[in-house]
Every structure is written in structure tokens, then in C-alpha cells.
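A.B. asks: dropping the sequence and predicted coords here.
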Amino acid sequence: MRNRTRVTAPVAALIGTATALTVGSPAFAAGRGSVDAASGGGNGDTATGRGKGDEGAETLGDPVYPSLGNDGYRVRSYDLDLAYDATTKLVDGTVTIELRTTESLTRFSLDALGLDIHEVRVQGRRADFEQADEKLRITPARTLPAKARVTVCVEYSADPGRAAAPTGGWVVTPDGFAVCGQPNLAHTVFPCNDHPSDKADFTFRITVPDGLRGIANGQLVCTARLDGDRTAFSYRSRSPMATELVQLTVGDYVVKERRGPHGLPLRDIVPTARAAALEPALALTPGQVDWLEQRLGAFPFETYGLLPCNSDDPNAFDFTGLETQTLTLYKPNFLLQTESKIGSHMMHELVHSWFGNSVSPATWADLWLNEGHADFYGLLYRYERGWPDSLGLTTMEARMKDTYARGDQWRHDSGPVAAPNAVNLFDNQRYLGGVLVLYALRELIGEGTFHAVERAFLARYRDSSATTEDYIAVASKVSGQNLSGFLRDWLYGTATPRMPGHPDWTVTPVNPSLTAPHGRTGGHNRDNSATL
């Protein structure tokens with residue numbers, strides 16, 4: 001969970017170097033027009049020159065972030081190779097992207113912001129490129145045929161301090177960095193098709209000086225000693241991943257390993273100096289995974305663990321936990337509290353392995369599927385253990401009755417549950433509002449059928465993306481009744497529907513003079529989860 005406002009006006013603060021071009025600047029840097037004619041062609045590239053084709057659209061039409069993503073192709077895989085210089089605090093990177101075109105392309109684009117692009121190659125040939133706003137526009141030496149497998153290699157450098165959170169995706173620490181790309185900032189870390197609907201395979205190689213460790217999603221597959229007192233750490237993620245879920249970390253960390261249910265490998269990445277103090281929180285994970293597997297099925301990835309980021313700066317990032325795939329990023333001081341203070345939110349973040357990571361939102365308007373489910377199970381876990389919530393309530397029914405009363409006010413302030421915008425995307429309507437929808441569905445179809453819906457949805461869309469309509473369709477099929485009208489009223493209506501099984505519940509009339517009373521500090525606050 002996290003919140004980010006769309007980066008528009010502050011673009012200059014991220015780009016900030018003479019090499020970053022704007023729309024009004026010369027289209028190409030010196031030397032970029034030169035094409036290496038001796039390089040061989042690629043798979044399926046039968047064109048003899050800059051033939052007929054289209055310019056790929058520079059958007060995937062997301063209703064919340066309409067400029068995010070690019071069309072004309074789909075990404076098959078990313079290979080990220082980063083090298084960190086502890087003296088300059090800079091990162092040199094190469095991203096190799098394997099994509100498949102969906103149409104004939106004379107030009108296509110990637111999302112990229114605040115990165116200094118040095119060279120682009122397409123099918124081994126140097127390609128012309130320009131940086132304009134948040135796009136890296138690439139013109140290959142030859143037109144790319146439709147349905148061709150294409151390799152794109154981008155060499156670049158980045159200054160994490162220049163593109164740090166909250167307006168960029170880098171978290172700067174005293175000994176390195178971590179990253180936080182959700183929802184729309186992965187392209188400040190590496191050029192990519194930055195949209196959750198275009199999931200891909202990932203491999204990583206992070207080179208660091210001795211004394212530091214490089215960490216990424218998935219499992220460690222190789223460690224290599226290099227000249228110059230450096231080490232390269234290589235990782236592979238076995239499951240496809242959305243760009244916003246990538247985690248890259250450098251610092252003085254120790255890896256703590258343990259086993260979860262059914263032998264699941266668990267690995268925590270812990271600041272070396274805090275390993276002992278954080279152990280009580282880390283030791284909770286196996287029991288939490290077991291509790292959730294009983295409800296949602298087997299854990300969907302090859303490993304899981306926590307990453308307490310090595311920073312005590314309260315402004316380092318504006319969230320408590322972030323569900324980067326297989327490795328949840330946390331503020332370390334949060335995890336130093338007692339179990340009753342942290343267990344519910346740890347469950348919230350763990351739920352994202354199923355809802356949000358394994359099944360990603362097809363658009364950012366579908367975020368309630370992530371956050372509503374995470375809060376739903378996080379609250380159930382809390383109440384089962386008798387831990388009062390932030391309102392002092394101790395049952396799901398009591399919390400839902402309170403939430404129900406606020407329903408019309410929230411719809412007035414933040415719109416319907418499944419119709420957010422970039423400003424209110426992460427406010428309580430997506431969290432508790434989403435919980436209320438799931439609670440209403442469970443009250444209508446019964447607990448057994450509800451759990452069958454959940455498992456069927458997760459199985460159907462595992463390792464892919466799903467829309468709100470997809471969830472409605474699965475719920476209707478599994479329950480044996482048409483739930484379209486019922487769920488659409490709850491998800492898109494401007495008034496709160498009646499709660500099944502609770503005819504006595506009432507909704508408080510809207511007070512137009514209230515301003516976002518439901519979030520801790522309003523819609524921009526990331527920590528609006530009811531599990532905190």
C-alpha cells in the first residue's frame with residue numbers, strides 16, 4: 001500500500017540535467033542518429049528499411065493515470081543490470097527488454113523520467129531516441145513487423161538522490177537505496193512499460209562494493225566476486241511481475257532465512273545493526289502465512305520476506321509497508337512494536353501477495369481489489385485475536401456498521417469505491433470502502449460461497465491482471481446467481497445500498513461542509529489502512 005500523486009509539474013525537478021530533453025529541445029543528442037549498419041537483424045525483422053508502420057500509442061488508456069503505459073507491443077521480460085558507486089551515490093544501469101510487437105511499428109515508446117539515457121539498441125542496432133516529458137521515444141533503424149520478438153537495450157544512469165521519494169521511486173538510505181514504484185514511479189528507476197496490465201518476467205544483477213549487499217525480488221541464483229573489490233548479486237523471479245512491484249535494494253543488510261508452511265523458503269533482509277531487535281516481528285511470518293493459506297490457498301510465489309529499510313528518516317517514504325513482490329518494504333521502527341500493534345497490518349501486506357501481486361489490477365481504478373481484500377483479511381485476523389482496532393472496536397460487524405454509516409459521505413467526498421482518481425486513489429474509500437463491499441457480498445451469498453469465489457478468482461487470474469468486471473463475473477458464476485446489479489450498485493453507485501442481513505443499519509446523511517473526514521490526513525495520506 002502507498003500513495004503517490006501524479007508527477008506532472010515537478011518533472012523538471014526530477015529531470016534536472018542538461019542531457020534530459022524536453023519537447024522543445026532538439027530531438028536527438030549528438031551521435032544518436034548514427035546507425036550501426038553492420039549489426040545483424042533480429043527475430044522476424046524482414047523489413048529492408050523504414051517501411052510502412054505505425055507509431056505505437058504512448059498510453060494504455062488507464063482511467064486514473066491516462067498517460068501511463070505504452071501500446072503497440074507487450075513486454076515478455078526485463079533484465080536489469082545495475083551498478084552502485086558508494087562514493088558518488090550514483091547508479092549505472094542497463095535494461096534489456098524482450099517484447100513482442102502487436103502491430104508494425106516505425107516508432108515506439110517506454111516510460112522513463114529523471115533518467116539520463118546514454119544509448120538505445122533495438123535488435124542490436126543503435127536506435128534514435130528522444131526524451132519528452134515522461135516518455136522515451138525510440139525509432140529503430142528498421143520498421144518492426146507485427147508479432148515480432150524484439151530485443152531493446154537501454155543504457156542509462158540515475159541519481160537516486162535527485163529522484164527520491166515522494167516524487168520519485170528511489171528511497172535513499174545512509175548506505176544505499178531501496179525503491180518504491182507504486183503506483184506510477186517505477187519508470188523513475190528504469191525505462192519500462194509502467195502499467196500493471198503488462199506483467200513480465202524479471203531477472204536482476206546488482207553490483208556493489210564490498211561491505212554492501214545487493215537485493216532484488218525472487219531468489220538469489222548467483223553471487224560473483226569481481227575486480228575492484230566488488231560483488232555482483234543475481235536474482236530471478238519465477239512469476240511474472242508488474243513494474244510497480246519491483247524491489248531493488250543496496251545496503252548493509254543481513255539475510256535471515258527460515259521455513260514457512262509446507263517448507264516455503266522465507267528470507268528477511270534486515271539492517272545488520274538491527275537484526276536482533278527485529279527478530280520478534282520477523283518470527284511472526286510463518287504463522288501468518290499459515291493462517292492465510294487456510295483461507296486463500298497455497299502461497300503464490302517461491303519465497304516471501306520482510307525488508308525493514310535501513311532508514312529512520314520519517315520522510316524517507318510516505319507509507320508504513322509496501323508490497324513489492326516476494327519482499328515487503330517496511331519502516332523499521334514500525335516493526336519494533338508489540339504483535340498487537342503490528343500483526344494486523346503485517347497481515348494486510350501479506351494478503352497483497354495474492355491480491356495485488358499474483359493477481360494485479362488491470363487498471364488503477366481496480367485498486368479496491370488490492371486494498372479492500374488486504375484490509376478485509378487484516379481486520380479478520382485482528383478481531384480473531386481480540387485486538388481492538390483504532391476505533392476501539394473488536395468485531396468485524398461493529399466496524400462494518402460504523403463504516404456503513406459513513407458510506408454516503410465517503411461517496412460524496414471520494415466517489416464510488418471502484419471509481420477513484422489520482423488524488424483520492426489511496427484514501428479510505430478504496431480500503432474500508434472495499435471491505436464494506438466484500439462484507440456485503442459475504443452477507444448475501446454466505447461465508448462458504450464467498451470463500452469459494454475468492455479462491456476461484458485467484459486461481460483464474462493467477463500471474464495476470466484482472467478487472468472489477470472479472471471479479472463480478474467470477475462471483476456470479478461461482479454463486480450461481482447474477483450478482484452484476486448488486487455489486488455494481490456497491491462499487492459504482494452514488495448512494496450506499498442496503499446491507500443484506502442488517503435492515504436496521506442506517507447511513508448518516510451527507511454533510512457537504514465536511515472535507516475528507518475519513519482519511520487520517522486526507523486523500524494524499526498513504527496510511528489509510530484500517531489495519532494500522
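C.D. replies: Structure's in. What do you need?
A.B. asks: what pLDDT, on average, does the helix or strand that contains Arg121 get?
C.D. replies: Here Arg121 sits within strand 116-122, counting by DSSP states H and E. For strand 116-122, mean pLDDT rounds to 98.
A.B. asks: just checking: what are the partner strands of it?
C.D. replies: strand 125-126 (antiparallel), strand 149-158 (antiparallel) (DSSP bridges).
A.B. asks: these: which one's closest to Lys401?
C.D. replies: strand 149-158 (48.9 Å; C-beta to C-beta). Every residue, glycine included, has its C-beta placed from N, CA and C.
A.B. asks: give me the buried positions along that closest one.
C.D. replies: Val150, Thr151, Val152, Cys153, Val154, Glu155, Tyr156, Ser157, Ala158 (16 or more other C-beta atoms under 10 Å).
A.B. asks: over to stretch 334-350?
C.D. replies: Residues of stretch 334-350 classed as buried under the neighbour-count rule (16+ other C-beta under 10 Å) are Phe334, Leu335, Ile342, Gly343, Ser344, His345, Met346, Met347, His348, Glu349, Leu350.
A.B. asks: do the same with stretch 296-303
C.D. replies: Leu296, Phe299, Pro300, Phe301, Thr303.
A.B. asks: can I get those in a markdown table with pLDDT and secondary structure?
C.D. replies: Formatted as a markdown table, the buried residues of stretch 296-303 follow (pLDDT from 0 to 100; DSSP: H, G, I helix; E, B strand; the rest coil):
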| residue | pLDDT | secondary structure |
| --- | --- | --- |
| Leu296 | 98 | helix |
| Phe299 | 98 | coil |
| Pro300 | 98 | coil |
| Phe301 | 98 | coil |
| Thr303 | 98 | coil |
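A.B. asks: nearest to Thr207, of the residues you listed?
C.D. replies: For the buried residues of stretch 296-303, the minimum distance to Thr207 (C-beta to C-beta) is 22.2 Å, reached by Thr303.
A.B. asks: tell me how far the strand holding Arg121 lies from the chain's centre.
C.D. replies: Distance of strand 116-122 from the chain centroid (C-alpha atoms, centre = their mean, to the nearest Å) equals 25 Å.
A.B. asks: CA atoms of it as CSV?
C.D. replies: Extracted in CSV, the C-alpha atoms of strand 116-122 (Å, rounded to 0.1, in the frame of the first residue of the first chain):
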residue,chain,number,x,y,z
ASP,A,116,20.0,10.0,-18.2
ILE,A,117,19.7,7.8,-21.3
HIS,A,118,23.1,7.1,-22.9
GLU,A,119,22.3,4.7,-25.7
VAL,A,120,19.4,2.6,-27.1
ARG,A,121,19.8,-0.5,-29.3
VAL,A,122,17.0,-2.4,-31.0
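A.B. asks: can you pull the contacts of Tyr377?
C.D. replies: Neighbouring residues of Tyr377 by C-beta atoms under 8 Å, 6 or more residues apart in numbering: Leu292, Arg295, Leu296, Met347, His348, Val351.
A.B. asks: recalculate using a threshold of 7 Å.
C.D. replies: Leu292, Arg295, Met347, Val351 (C-beta atoms under 7 Å, 6 or more residues apart in numbering).
A.B. asks: out of these, which are buried?
C.D. replies: Among those, those buried by neighbour count (16+ other C-beta under 10 Å) are Leu292, Met347, Val351.
A.B. asks: find the nearest non-adjacent residue to the first one, please.
C.D. replies: Using C-beta to C-beta, 6 or more residues apart in numbering and skipping the chain neighbours, the partner closest in space to Leu292 is Leu350 (6.0 Å).
A.B. asks: the one you found sits in which helix or strand?
C.D. replies: Leu350 belongs to helix 339-351, assigned by DSSP H and E.
A.B. asks: state the mean pLDDT of that helix.
C.D. replies: 98.
A.B. asks: check which helices and strands that helix is in contact with.
C.D. replies: Secondary-structure packing of helix 339-351 (3 or more C-beta pairs under 7 Å, 6 or more residues apart in numbering; DSSP states H and E): helix 285-296, helix 368-384.
A.B. asks: for these, which one ends up most surrounded?
C.D. replies: helix 368-384 (a mean of 25; mean count of other C-beta atoms under 10 Å).
A.B. asks: roughly how far out does that one sit from the chain middle?
C.D. replies: Worked out by C-alpha atoms, centre = their mean, helix 368-384 lies 18 Å from the chain centre.
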